[in-house]
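**Student:** Here's a sequence, model it:
(chains A and B)
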Amino acid sequence: MSRLATPQETVERALAASRADGCAVLVEELSQAEVRFANNTTTTNGVRRDRRVAVVSFRLLSGSGPTATAVGAGPTAVGVASASGAVDVENLVRASEAEAALAEPAEDAAPLVTPGEGSRSGDASPGGAGSRPGEAGGAGSRPGEAGGAGSRPGEARGAGFDDGPALTGASVLSGVVSGLAEAFGRARSTGDLLSGFATHGVASTYLGTSTGLRRLHVQPAGTFELVARSADGARSVWSGAGTASFDDVDVHAFEEQVRRRLAWARHQIELPAGRYEVLLPPDATADLMVALSEAMSGRDAEEGRSPFSAMGGGTRIGERLCELPFGLRGDPAEPGLESAPFLATAASGTDVSVFDNGLPVGATNWIEGGHLRRLRYHRAGAGRAGVPASPPVGNLVLGLPGADATLDEMVAGTERGLLLTCLWYIREVDPVTLLLTGLTRDGVYLVEHGEVVGAVNNFRFNESPLDVLARTVEAGRTERALSREWGEWMNRTAMPALRVADFNMSSVSPAT
Amino acid sequence: MASPDPGPGGLGELSGLPLQAVREAALGRAAALGCSHAEVRVERIRSQFVALRDGHVETTVDDTEIGVGLRVVRRGSIGFAATVDVHADAAARLADDAVRLADDTSVALGTALSLADEPRHAGAQWTSPYGVDPTTVPLADKVALLEDWSRRLLAAPSVDHVAARVLAVVEDKHYADLSGTVTTQRRVRIYPLVEAVGVDGASGTFESMRTLAPPVGRGWEYTAGQGWDWDAELDELPSLLAEKMAAPSVQAGTYDLVIDPSNLWLTIHESVGHATELDRALGYEAAYAGTSFATFDQLGTLRYGSPVMHVVGDRTTPHGLASVGYDDEGVAAQSFDIVRDGVLVGYQLDRRMAAENGFDRSNGCAFADSPLHVPIQRMANVSLQPAPGPGPSTADLISAMGNGIYIVGDKSWSIDMQRYNFQFTGQRFYRVEGGRLAGQVRDVAYQAQTTEFWGSLEAVGGESTYVLGGAFNCGKGQPGQVAPVSHGCPSVLLRAIRVLNAREETAR
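**Tutor:** Okay, the predicted model is just below:
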């Protein structure tokens, strides 16, 4: 990569080349390594280095009056261009300016963030903002991990702007590879098939603006997933976890966990569709809560086209959503789930704005005490609505105050119910109610009198996560969780296990 | 459709890059390190996205991705390395990195990799058919078009909000491998979409209705009416939305269905396209996308559907999103049967799946969505064939159905990890009584098991009902990759399918 200019040089060159009234430059350096395996063999192993550069040019529009001295304070047009690799910075700056030259006033205009801006968007502690897929990526159109990293690949931190990009490499996964070699040997002897994925990446996001802001965030992100299937395909189980460094990933421990569940599945029980009491483990709770948080658009709610729209107009902010006093929050400083403490985005969206680049992001309570407290807003939208700006946060935590039960304890306290593993192929069916459909996957177990008595067929469910919270009768302690469905882009979640009454299993799926 | 010239200098937008130096450095180093196979791709992918909300620009993206990726096989182990630094020195280092990775992971290699042979294609060039490169159209022109479309809809009393957007991609790809194949290709695709939303504040509900115009392998000329009648579709959206908002909710039960191609393409994609990927059927996607009920031992015997079911996989369809000249393993594009007379007769293959399972040759289904991603087996254009001869019209099928529901447009979709159990909704649903449309109903979701659904296929429409639908964003693999793919199909008549009322599924 030595042939390429440094990220800092790229930022400064672009800002120097800018002829616009304002400019923001994002450089994201990404370093990744992965090992993929299936059928007791590695299948693809890869390493990559990516660099994405995005230039945002702001143009004050004439006729905005003598008092409009700051970009974004008056009518302002915006243009964005991004590219990867050995970018011709001059060309990229001119391309973004050409777009701004022809653009209409941006609806999301707000004064550019300045270095001294101390007011965080959030409710309390210092924090950071991640990018949401499809809406606002890092420096480029492809959704990437938001944020930056440190000298150790597993450490998330807001480094000094002058630091070089943090790197990872295949060596981070060497313990996994040797662990897999042993596990494959054991699987061959028992006739089982192991599949899965180990990936580690570090994204270093550099942000510079014409208002003098210079920020760097280094964001590590890793996952390990292990699936074990019996040779006849009749039994299949999954275990996965998010990790920042792989220091905490012990392949043998994952192997033990999937073997325990494969053993549970030796006794197979067929159950019909219907409403059941279910125990959602933290990973499955994450599958539903990430979908819930995605639906928390302030503007959609105001316009009456969201499950968070109030009957007759306005939003449901302040309304009680569930009897139990759940809290759903994001916090860039969340221990073990650290994410970017400032917003960095190359594209505006419904609730995210390129004008907000560099906006400090703090702890944000989306739901507190069971009441809806916040919806996502960029600053311009928040100003119009008279609510605080609430950019997306790069993690999601659900908790019930005082809940400390483990999943095993909740199983022990179950008279009759279904213990799930994770959910899959989750899609919105009805945006009015946030009805989602999807499948149970890789492990549904019948619990009777406090013990797992066997494995049950899979089901298609039709449920709204709002109904799930409302029908939850017990929650466990909050712990790190990996959403099987959304984990690739929302890797940092902590969730409790939930006991949900009358969970709607709409039909049986014969899939294993 | 081949073209002799993919652009200036024969290299399209790749012309400024040191292609020869990069491929020779990467492949030369890989050969020197003892690799039995190596393939290098240099790509430039230009993506433009413009989204308007209620007639105002909300999002613009103008992105150029560039990079080089190298996959090697050494002693049966795979290594892949990629960088955005498109330079000979960096390319040679990729070979070092990829070989080291192949060696370091070989301790966990259970099955040595082999690849099916493919004839050498030296210096081949291919360009998808298009008129106007959409990335050369100024942003202001794109915005102006979407503004016009938005205003036309917002003027209607039934429409409270409008989303209008267009995504355009130009993909230039240079491929070379150790066997001597060198190909250069350009693909152009575009996806305009408009959605109208009506809000009923009093009842706290809302409904939407969007254009059925599919994403296609065409240029900007598509927005001007070449391949789709935009004016006609936009003109009818407000009244369709108004009718939907006033429509009664469906009564859940078992119904006969006529399904329009605008809905059925997605059902084909999920229940046939993915289910007949051989890597899935053999467990190579078990940890992520899933496996398949259509296991390899059932090739030639599995009764997939009724005898009128004939499904073809191909990478040659004009304007098809998965159409190419050569795939990302250097295999020439082909066309092949997947289901014939209702029986499973073929799978989609890449060179590894072909070699491991006794096929002489891959049928060309390898694809990587980025120079920084490894090629994996991805979907061909998988299409249900229309009835031979003139065949029935959609009206004929509705008439033959008698009573039931006619479903138009796709919306929500979900299917299980072995492609048995699926559930789909749609854009609009018409009650059919006595062989005639009897007004819209709403809240319809249909749910079925794949072979039961296709087994209940009574009739397929004729060529006049056939439409090439598709998507830009088919997901597969880890790390995740998205692939564009088209699916053609006629209207169809199915008997006795379970229909749910989506609103009744919630407890709210």
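**Student:** use CA for all of it now, contacts and neighbours both
**Tutor:** OK.
**Student:** ok, now how distant is residue B:266 from chain A?
**Tutor:** Counting by C-alpha to the nearest C-alpha, to the nearest Å, the gap from residue B:266 to chain A is 14 Å.
**Student:** Contact partners for that residue?
**Tutor:** The contact partners of residue B:266, by C-alpha atoms under 8 Å, 6 or more residues apart in numbering or on different chains, come to B:410, B:413, B:470, B:487.
**Student:** redo that, cut-off 10 Å
**Tutor:** B:272-273, B:409-413, B:424, B:469-471, B:486-488 (C-alpha atoms under 10 Å, 6 or more residues apart in numbering or on different chains).
**Student:** Let's see which of those residues end up in strands.
**Tutor:** Using DSSP state E, the subset of the contacts of residue B:266 located in strands is B:413, B:424, B:469, B:470, B:471, B:486, B:487, B:488.
**Student:** and chain A, which of the contacts of residue B:266 reach it?
**Tutor:** B:411, B:412, B:413, B:424 (C-alpha under 10 Å from any C-alpha of the partner chain).
**Student:** I'd like to know which of the residues you listed is nearest to residue B:90.
**Tutor:** residue B:413 (42.7 Å; C-alpha to C-alpha).
**Student:** Next, count neighbours for that closest one.
**Tutor:** 22 (other C-alpha atoms under 10 Å in any protein chain shown).
**Student:** all strands of the stretch 151-300 of chain B, in order?
**Tutor:** Using DSSP state E, counting those that start in this stretch, the strands of the stretch 151-300 of chain B run over residues B:161-177, B:182-200, B:205-210, B:253-259.
**Student:** export those to TSV and tack on mean pLDDT, mean neighbour count and distance to chain A?
**Tutor:** Below are the strands of the stretch 151-300 of chain B laid out as TSV (pLDDT from 0 to 100; neighbours: other C-alpha atoms under 10 Å in any protein chain shown; distance: least, C-alpha to the nearest C-alpha, whole Å):
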stretch	mean pLDDT	mean neighbour count	distance to chain A
strand B:161-177	98	24	9
strand B:182-200	98	24	6
strand B:205-210	96	22	6
strand B:253-259	98	21	13
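**Student:** need the contact list for residue A:429.
**Tutor:** A:435-438, A:462-464, B:411-414, B:423-426, B:443-445, B:502-503, B:505.
**Student:** Check residue A:26 too.
**Tutor:** A:7-8, A:10-11, A:14, A:52-56, A:82, A:138-140, A:205-209, A:215-216, A:344-346, A:357.
**Student:** so which helix or strand takes in it?
**Tutor:** strand A:22-38 (DSSP states H and E).
**Student:** Can you tell me which of the ones in strands among the contacts of residue B:266 is closest to chain A?
**Tutor:** Nearest to chain A out of the ones in strands among the contacts of residue B:266 is residue B:413 (C-alpha to the nearest C-alpha; 6.5 Å).
**Student:** For the nearest residue to the closest one once chain neighbours are set aside, list each beta-bridge partner.
**Tutor:** Excluding its sequence neighbours, the residue lying closest to residue B:413 (C-alpha to C-alpha, 6 or more residues apart in numbering or on different chains) is residue B:424, at 4.6 Å. Residue B:424 has these beta-bridge partners by DSSP bridges: residue B:413, residue B:446.
**Student:** so how far is residue B:85 from residue B:424?
**Tutor:** 43 Å (C-alpha to C-alpha, to the nearest Å).
**Student:** Residue B:250 now?
**Tutor:** Separation of residue B:250 from residue B:85 (C-alpha to C-alpha) stands at 56 Å.
**Student:** Mind putting the strands of the stretch 151-300 of chain B into CSV with distance to residue A:426?
**Tutor:** Formatted as CSV, the strands of the stretch 151-300 of chain B follow (distance: least, C-alpha to C-alpha, whole Å):
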stretch, distance to residue A:426
strand B:161-177, 23
strand B:182-200, 22
strand B:205-210, 20
strand B:253-259, 23
